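> Starting from these lines, generate the structure:
(2 chains)
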There are 2 protein chains.
Amino acid sequence: MKADIKKYQDLINARLETALPIQPGYFKTLYEAMNYSLRAGGKRIRPILMQLAYEAVGGSEDISAYLCAIEMVHTYSLIHDDLPSMDNDDLRRGKPTNHMVFGEAAAILAGDGLLNQAFESMLEDAMKHGGIERVHAAYILARAGGIKGMIAGQILDIESENKTISLQALETIHLHKTGALIKAALKMGSVLGRGTPNEVHALETYGEHIGKVFQIIDDVLDEVSTDQELGKRIKSDQKNKKNTYLSFYTVDECYQIAKELTDKALSALVMLKGDTALLRGIAVDLINRRS
Amino acid sequence: MKADIKKYQDLINARLETALPIQPGYFKTLYEAMNYSLRAGGKRIRPILMQLAYEAVGGSEDISAYLCAIEMVHTYSLIHDDLPSMDNDDLRRGKPTNHMVFGEAAAILAGDGLLNQAFESMLEDAMKHGGIERVHAAYILARAGGIKGMIAGQILDIESENKTISLQALETIHLHKTGALIKAALKMGSVLGRGTPNEVHALETYGEHIGKVFQIIDDVLDEVSTDQELGKRIKSDQKNKKNTYLSFYTVDECYQIAKELTDKALSALVMLKGDTALLRGIAVDLINRRS
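Numbers count the residues shown, from 1 in each chain, chains lettered A, B, ... in the order given. Below you'll find the predicted structure:
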């Protein structure tokens, strides 16, 4: 199981290695700053989910452009998120954050560059292949990452610092900030693989539930893990006076809720005819993860 | 002539008014920050050029999504450009810059939001209409605005502050930072209008030359204009110790070079069968502008 996931992770990492060729001369700093964060490791959970959803509905072509694009969008959001005017974090994936290494201006531009490059790569691929699925997949990412998705979650998150918010407001933040992109990964994969509407819906439902699990466990780990285990500063939520699930539930209750959501995610997979063993494995891993 | 351009400007402004509906409730700040800069006026030169190129090759459909998208990309670049860690400007289009009003975090997110929304709108439109031209147009914008285009120009510009650079390096900055997007406007319009390769090439050539004129006159105005005339701080280049054409040429020489480039731009239009009166007018206006 772990070994199988690792194979997918290696595939994604290999694709990311060449997604941004190091440019000689003039634009070196920009490429270095972008690659620094893009190649910093990370679980690659979004592209792995996309590839698995793609295979689960029978897809067998190369969808690297979309796998890399979603990781670029995720990475740009982390770079901007870590900036001094946002969460002001100095450690990410076990390394100094982008602006600590390249300065604030270059970090902002590296983020802009990754966001733009995500669309550039997908559009180039869509032009080459023709067909509506690839344009549709790019649109799904735009929507999930955009002002009604991830970016909305981010502004809500920042506006809610130092305030007491309702559980409903907290879930709205998570649904947008983390959930939208995870759900999009599943939808993109199933659309690219030309899944039936029922298959697309099942994979989206799975994505919706594990997206919530992901965030609940994130909140728990920020509280109970160590810097070293997590690769980023623990208790950063507390530092930034953020609301988390732990403002509403105990650690045990969080795990109980996460378990119920995981069960729902697994149920959604039942109607799929393709191989879903790894998707099941990931759902179980998410709730048991330590980092 | 002026009245005709004004008509196009009004058309673009009307489209931009509804490009981002004000969202009630949760995401209000984000929309307000995005709209603040998007509706702040400006010459709308890029979408006007796109629409004129489109009409010059016989296009007659609604290309609003692309007109708005290029203005969103331009506007996001201004918001990020003005940030304290970049050019640290407090005045833009006669109003306080985005971060002065909404704070740095919201300004960064408003920029991210506009960049993402540009692609979201174009992809939604491309899905609705089908056909390769619209996907191609979105790709042209991605490329021109991206890490081999505008963003590359921006990092070079920042890296060159406080340094003496060659005229060639200065032209590389301008070619990327300003030129790429202006040229893209012309190319997008002619591709969307299904122009012949010769027509596309002619309009691109025109765009290349007026892009240079635009930047030369920008440098001159930053030196000889007033804050009020320009709607932004004059002598900001000097403040940021930036290299400009005035590091290499006198004001008179700048106008001489701009005149030669304008002549070349006008010559490129000769082969077009469609109406190019306004494109000619814009080229002449650019060299005579006071703001």
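> Can you list the buried residues in the helix ranked longest in chain A?
Secondary structure of chain A per DSSP state H: the longest helix is helix A:197-224. By 16 or more other C-beta atoms under 10 Å in any protein chain shown, the buried positions in helix A:197-224 come out as A:199-200, A:202-223. (C-beta placed from N, C-alpha, C; glycine too.)
> What of stretch A:155-175?
A:155-160, A:165, A:170, A:172-175.
> Does that stretch reach chain B?
Yes: Stretch A:155-175 is in contact with chain B by C-beta under 8 Å from any C-beta of the partner chain, via A:155-156, A:158-159, A:172.
> now swap in stretch A:91-107 and tell me
Yes: remark: stretch A:91-107 sits within contact range of chain B at A:103-106, by C-beta under 8 Å from any C-beta.
> Highest neighbour count among these?
Per-residue neighbour counts (other C-beta atoms under 10 Å in any protein chain shown) across the residues of stretch A:91-107 next to chain B peak at A:Ala106, which has 25 neighbours.
> Pull up the gap between it and A:Ile48, please.
29 Å (C-beta to C-beta, to the nearest Å).
> Out of the buried residues of stretch A:155-175, the closest to chain B would be?
Of all the buried residues of stretch A:155-175, chain B sits closest to A:Ile155, with 4.4 Å by C-beta to the nearest C-beta.
> these two touch, right, that closest one and B:Thr29?
Yes: counting by C-beta atoms under 8 Å, A:Ile155 touches B:Thr29, with 5.9 Å between them.
> any common contacting residues for those two?
B:Ala106 (C-beta atoms under 8 Å, 6 or more residues apart in numbering or on different chains).
> State the number of residues packed around A:Arg290.
Residue neighbour count, defined by other C-beta under 10 Å, stands at 10 for A:Arg290.
> Strands of the stretch 51-200 of chain A, start to end?
Ranges of strands within the stretch 51-200 of chain A are A:91-92, A:95-96, based on DSSP state E, counting those that start in this stretch.
> Poorly predicted segments of the stretch 1-150 of chain A, please.
Within the stretch 1-150 of chain A, the stretches with pLDDT under 70 are A:1, A:22-26.
> let's see 80
Applying pLDDT under 80 to the stretch 1-150 of chain A flags residues A:1-2, A:21-26.
> show me where it has helices.
Counting by DSSP state H, counting those that start in this stretch, the stretch 1-150 of chain A has helices at residues A:2-17, A:28-38, A:45-56, A:64-82, A:98-102, A:104-129, A:132-145, A:150-160.
> in the first one, what's buried?
For helix A:2-17, a neighbour-count test (16+ other C-beta under 10 Å) marks A:5, A:8-9, A:11-13, A:15-16 as buried.
> for the fifth one, same thing?
Judged by neighbour count using 16+ other C-beta under 10 Å, the buried positions of helix A:98-102 are A:98-100, A:102.
> So which residues lie in contact with that helix, not counting its own?
Contacts to helix A:98-102, defined as C-beta under 8 Å, 6+ apart, come from residues A:29, A:32-33, A:36-37, A:79, A:82-84, A:90, A:92, A:106-107, A:110-111.
> gap between it and the chain center?
21 Å (C-alpha atoms, centre = their mean, to the nearest Å).
> And for the second one?
With C-alpha atoms, centre = their mean as the basis, helix A:28-38 stands 19 Å off its chain's centre.
> ditto for stretch A:251-259
Taking C-alpha atoms, centre = their mean, the mean C-alpha location of stretch A:251-259 is offset from the chain mean by 22 Å.
> got it, and stretch A:264-278?
Remark: stretch A:264-278 is offset 21 Å from the chain centroid, using C-alpha atoms, centre = their mean.
> what's in contact with that stretch?
A:1, A:4-5, A:8, A:52, A:55-58, A:198-199, A:202-203, A:205-206, A:209-210, A:213, A:279-280, A:283.
> List the buried residues in it.
Using 16+ other C-beta under 10 Å as the test for burial, stretch A:264-278 gives A:264-266, A:268-269, A:272, A:274, A:276, A:278.
> Which among the contacts of helix A:98-102 count as buried?
A:29, A:32-33, A:36-37, A:79, A:82-84, A:92, A:106-107, A:110-111.
> Check those and tell me the two furthest apart.
Greatest spatial distance in the buried ones among the contacts of helix A:98-102: A:Glu32 and A:Pro84, 20.3 Å, computed using C-beta to C-beta.
> related to what we said a few turns ago, nearest to A:Gly193, out of the strands of the stretch 51-200 of chain A?
With respect to A:Gly193, and counting by C-beta to C-beta, the nearest of the strands of the stretch 51-200 of chain A is strand A:91-92 at 32.0 Å.
> I'd like the distance between the closest residue to A:Thr196 other than its chain neighbours and A:Val270.
Once flanking residues are discounted, A:Thr196 sits nearest to A:Val57: 7.7 Å by C-beta to C-beta, 6 or more residues apart in numbering or on different chains. To A:Val270, A:Val57 is 15 Å away according to C-beta to C-beta.
> residues near the residue nearest to A:Arg194 when sequence neighbours are not counted, how many?
Spatial nearest neighbour of A:Arg194, excluding adjacent residues (C-beta to C-beta, 6+ apart): A:Glu133 at 6.2 Å. A:Glu133 has 18 neighbours, counted by other C-beta under 10 Å.
> returning to what we had before: could the buried residues of helix A:2-17 go into a markdown table alongside distance to B:Leu115?
Output for the buried residues of helix A:2-17, formatted as a markdown table (distance: C-beta to C-beta, whole Å):
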| residue | distance to B:Leu115 |
| --- | --- |
| A:Ile5 | 32 |
| A:Tyr8 | 29 |
| A:Gln9 | 29 |
| A:Leu11 | 29 |
| A:Ile12 | 24 |
| A:Asn13 | 26 |
| A:Arg15 | 23 |
| A:Leu16 | 21 |
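> And those, which is closest to chain B?
Nearest to chain B among the buried residues of helix A:2-17 is A:Leu16, at 15.0 Å by C-beta to the nearest C-beta.
> contacting residues for that closest one?
A:38-39, A:68, A:71.
> Could you find the two of these that are most distant from each other?
So, the contacts of A:Leu16 by C-beta to C-beta: farthest apart are A:Arg39 and A:Cys68, at 11.6 Å.
> Compare those two and say which is more crowded by neighbours.
The residue with more neighbours, out of A:Arg39 and A:Cys68, is A:Cys68; 24 against 15, by other C-beta under 10 Å.
> tally of neighbours for the spatially closest residue to A:Val224 that is not a sequence neighbour?
Closest residue to A:Val224 apart from its sequence neighbours, by C-beta to C-beta, 6+ apart: A:Val251 at 6.6 Å. Counted by other C-beta under 10 Å, the residues lying close to A:Val251 total 13.
> Brilliant, that's me finished.
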